[in-house]
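A.B. asks: can you look at this prediction? I've put the sequence above it.
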Amino acid sequence: MKKKLLTLTFLLFSCWNLFAQYIPTEANIKARKEFEGFRFGIFIHWGIYSEFAQGEWYLNSGKLQQGEYAKAASCFYPVKFNADQWVAAIKESGAKYITFTSRHHDGFSMYKTNENDYNIVDATPFKRDVLRELSDACQKQGIRLHVYYSILDWIREDYPLGRTGLNTGRNSVSNWQSLSATEKAHINANKYPGYFQFMKNQIGELIHNYHIDGFWFDGYWDHDSDSIPFDWKMPEFYKYIHTLKDDCLVGNNHHIKTIDGEDFQMFERDLPGENKAGYSENQEISTLPLEMCQTMNGMWGYKVADQDYKSGDQLIQLLVKAAAKGSNLLLNIGPQPNGELPATALDRLKDIGKWMTVYGESVYNTKKTNLPDFPWGVSTQNNKCLFIHVFQNDMNTIEIPVDKKPKDILALDNHHRMQWNYNKKKKSVIVHLPSSYTKSDYVVQIVK
């Protein structure tokens with residue numbers, strides 16, 4: 001009886017330990033606060049798909065056979081790749097962190113992994129670990145490094161099949177569409193433990209061998225149309241990561257409300273609270289640090305025909321709008337197959353960098369205000385100041401609600417005092433703007 005009682009107690013403790021709510025450590029909370037203050041990062045989508053110059057989804061969208069697609073690895077030689085130059089250009093833009101694609105849906109690893117030979121060191125003539133070089137460059141230049149990791153895989157036989165990657169030539173797909181939902185769910189449940197262990201092994205490599213400060217997971221949505229819900233076991237996955245590195249930040253691009261164990265919440269192609277891109281319908285804004293990701297042009301990965309870049313002014317305003325929502329902006333670049341960042345992308349980085357040199361105070365370490373978005377702009381704040389960002393350049397005056405009379409109101413670019421009037425009855429200030437200004441974002445600093 002005593003033995004049975006001990007066994008039962010052990011099982012109950014094990015279950016409690018497995019399903020206990022995630023409590024971040026002090027180091028993790030500190031990392032979250034730092035991350036939240038960054039406000040600007042650069043996303044890099046790069047892999048052998050860049051050789052096709054058709055974007056990162058080409059294996060799936062082009063309905064290619066994985067064996068033919070994999071031949072691209074044998075001629076991948078990005079001779080102009082220079083991690084130090086990449087990081088220097090990104091740092092000059094004012095970005096504080098980089099999120100790099102360690103492995104995308106095509107299953108190719110952009111670092112040296114011992115899990116298979118399908119990686120940039122073992123499968124290409126380049127033979128260099130670009131993630132290692134990027135990690136070292138980030139350490140030298142004071143830039144934080146996060147990695148994107150796809151939990152979706154279009155080539156592995158042990159991946160639990162979802163709604164994409166069904167035409168890449170896997171043996172397990174041959175009669176997939178003829179199976180019932182119950183049969184599919186049974187097969188996926190049996191396959192997943194092996195694939196889950198594979199992912200844990202790769203994540204362990206990344207944490208142990210590189211200076212990784214965060215993970216950006218993608219592909220959860222591959223099972224969003226399953227009639228029998230698939231269990232990705234994300235809380236267990238996240239717990240494994242935090243056991244290895246407790247201050248490592250975890251986020252997942254799953255397009256749903258946050259899952260226990262996550263440290264920041266992301267929004268794809270949308271400001272938090274909006275759903276213009278159609279991915280955020282089922283997302284509720286959490287209390288976690290927020291991040292929105294967006295492309296400079298149209299695609300994430302390099303596409304030779306996609307030259308429709310947003311202007312520098314548009315990207316600056318997007319950065320400010322994100323900060324006004326209490327969110328970071330993770331702005332994407334798709335490097336060319338030769339290893340260079342596209343010239344237009346570098347120009348945009350310079351545009352943002354010039355602006356951030358002058359106005360960075362109104363973005364870094366700021367928080368969302370209680371003010372609504374204005375027809376002509378938005379607001380951000382820190383403990384000492386309220387920053388009013390005026391996007392329209394034909395305004396003569398602006399009226400801002402305030403709790404009390406400000407100590408002063410300045411133009412942020414030159415810190416000159418501005419003309420303003422305080423209305424005690426209305427609890428607002430009217431600020432007189434310069435007679436002519438051409439800036440895409442004129443910033444007014446209201447000293448609290």
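C.D. replies: Okay, I see it.
A.B. asks: test my guess that residue 377 contacts residue 391.
C.D. replies: Yes - contact between residue 377 and residue 391 holds when scored by C-beta atoms under 8 Å: they sit 4.7 Å apart. For the C-beta atoms, the positions are set from N, CA and C on the backbone; glycine is no exception.
A.B. asks: which neighbours do those two have in common?
C.D. replies: Applying C-beta atoms under 8 Å, 6 or more residues apart in numbering, one finds that residue 377 and residue 391 are jointly contacted by residue 441.
A.B. asks: longest helix in the chain, please.
C.D. replies: helix 181-209 (DSSP state H).
A.B. asks: now the element after that one, going C-ward?
C.D. replies: Using DSSP states H and E, the next helix or strand after helix 181-209 towards the C-terminus is strand 214-218.
A.B. asks: show me what that following strand is packed up against.
C.D. replies: Where contact means 3 or more C-beta pairs under 8 Å, 6 or more residues apart in numbering; DSSP states H and E, strand 214-218 is packed against strand 97-103, strand 144-150, strand 249-252.
A.B. asks: so what touches the first one?
C.D. replies: In other words, strand 97-103. By C-beta under 8 Å, 6+ apart, the surrounding residues in contact with strand 97-103 are 35, 38, 41-47, 56, 87, 90, 109-111, 131, 134, 138, 143-150, 202, 206, 213-214, 216, 330.
A.B. asks: neighbours around residue 114, how many?
C.D. replies: Residue 114 has 11 neighbouring residues, counting by other C-beta atoms under 10 Å.
A.B. asks: over to it. Which of the three states is it?
C.D. replies: coil (DSSP: H, G, I helix; E, B strand; the rest coil).
A.B. asks: tell me how far it lies from residue 67.
C.D. replies: Taking C-beta to C-beta, to the nearest Å as the criterion, residue 114 is separated from residue 67 by 23 Å.
A.B. asks: my read is residue 63 is in a strand, agree?
C.D. replies: No - per three-state DSSP, residue 63 lies outside any strand segment and is coil.
A.B. asks: coming back round to it: other SSEs contacting the longest helix of the chain?
C.D. replies: Checked by 3+ C-beta pairs under 8 Å, 6+ apart, helix 181-209 has strand 144-150, helix 234-244 packed alongside it.
A.B. asks: give me the pLDDT for the nearest residue to residue 173 once chain neighbours are set aside.
C.D. replies: Distance criterion C-beta to C-beta, 6 or more residues apart in numbering; nearest residue to residue 173, sequence neighbours excluded, is residue 166 at 5.4 Å. The model reports residue 166 with a pLDDT of 96.
A.B. asks: got a list of what residue 166 touches?
C.D. replies: Residues near residue 166 by C-beta under 8 Å, 6+ apart: 173, 176, 177.
A.B. asks: would you list the residues you listed in TSV and tack on secondary structure and neighbour count?
C.D. replies: Converted to TSV, the contacts of residue 166 look like this (DSSP: H, G, I helix; E, B strand; the rest coil; neighbours: other C-beta atoms under 10 Å):
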residue	secondary structure	neighbour count
173	helix	14
176	helix	13
177	helix	8
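A.B. asks: and those as CSV, adding pLDDT?
C.D. replies: Shown next, in CSV, are the contacts of residue 166 (pLDDT from 0 to 100):
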residue, pLDDT
173, 86
176, 93
177, 90
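A.B. asks: of those residues, closest to residue 123?
C.D. replies: Within the set of the contacts of residue 166, residue 173 lies nearest residue 123; the separation is 23.0 Å, counting by C-beta to C-beta.
A.B. asks: double-check the closest one against residue 161; I have them as touching.
C.D. replies: Yes - applying C-beta under 8 Å as the test, residue 173 and residue 161 come out as touching, 6.6 Å apart.
A.B. asks: re the thing from before, so which of the contacts of residue 166 comes closest to residue 309?
C.D. replies: Nearest to residue 309 out of those is residue 173 (C-beta to C-beta; 37.2 Å).
A.B. asks: do you know how far that closest one is from residue 156?
C.D. replies: Taken as C-beta to C-beta, the spacing of residue 173 relative to residue 156 amounts to 12 Å.
A.B. asks: one step back: what's the most buried one of the helices and strands packed on helix 181-209?
C.D. replies: Ranked by mean neighbour count, the helices and strands packed on helix 181-209 are led by strand 144-150 with a mean of 23 (mean count of other C-beta atoms under 10 Å).
A.B. asks: neighbouring strands of that strand in the sheet, and parallel or not?
C.D. replies: Partner strands for strand 144-150, per DSSP bridges, with pairing direction: strand 97-103 (parallel), strand 214-218 (parallel).
A.B. asks: which residues does the closest residue in space to residue 157 that isn't next to it in sequence contact?
C.D. replies: For residue 157, ignoring the flanking residues on the chain, the nearest one in space by C-beta to C-beta, 6+ apart is residue 172 at 5.3 Å. With contacts taken as C-beta under 8 Å, 6+ apart, residue 172 has the following neighbours: 157, 161, 187, 191.
A.B. asks: need the max-distance pair from those residues.
C.D. replies: Taking C-beta to C-beta as the measure, those span a maximum distance of 11.3 Å, between 157 and 187.
A.B. asks: skip the chain neighbours and tell me the closest residue to residue 386.
C.D. replies: What sits nearest to residue 386 in space, not counting adjacent residues and going by C-beta to C-beta, 6+ apart, is residue 446, at 4.2 Å.
A.B. asks: make sure the one you found is indeed in a strand.
C.D. replies: Yes - with three-state DSSP as the criterion, residue 446 is located in a strand.
A.B. asks: how close does it get to residue 383?
C.D. replies: Using C-beta to C-beta, one obtains 13 Å as the distance from residue 446 to residue 383.
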